[in-house]
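Visitor: I would like to see how this sequence folds:
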Amino acid sequence: MGDWVTIGHNATVHGCVVEDECLIGIGARVLNDCHIGAGSIIAAGSVVPEHTVVPPRTLWAGVPAKMRRELTDKDRALILEYAQNYLDYTELYLNEAVTDPDR
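Guide: Alright, predicted model coming up:
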């Protein structure tokens, strides 16, 4: 698992490599021996079949997932924004736990 990776709720990422700055959508399934290239998005609900190699900076969607398009700099910024949001949520949660000892 690379840096700045966001994995959506109820997603399954099993026995694979996910490089830096990727977004794995809600409910997506990334199966054994897949390699998700840096800066890629796997759309919500998609199923990436075993042994699939996802090139860097591409969007994959569907069942089975297929490449839909290459990603832009704007897409990359969105991936990083989502990752930063989750880091911020963690910090908020930890700060609340410190100020409210009953949590």
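Visitor: okay, CA-based contacts and neighbour counts for the rest of this
Guide: Fine.
Visitor: show me where the protein has helices.
Guide: For the chain, the helices defined by DSSP state H cover 73-99.
Visitor: could you list the low-confidence segments of it?
Guide: 97-103 (pLDDT under 70).
Visitor: again, only using 90
Guide: Judged by pLDDT under 90, the chain has its weakly predicted residues at 86-87, 89-103.
Visitor: and the strands in it, which stretches?
Guide: Listed in chain order, the strands found in the chain under DSSP state E are 6-7, 12-13, 17-18, 23-24, 29-30, 35-36, 41-42, 47-48, 53-54, 58-62, 65-70.
Visitor: what lines up beside the fifth one in the sheet?
Guide: By that I understand strand 29-30. Under the criterion DSSP bridges, strand 29-30 sits next to strand 12-13 (parallel), strand 47-48 (parallel) in its sheet.
Visitor: now the last one
Guide: Strand pairing for strand 65-70, determined by DSSP bridges: strand 58-62 (antiparallel).
Visitor: check which residues of stretch 61-74 are buried.
Guide: 61-62, 65-66 (16 or more other Cα atoms under 10 Å).
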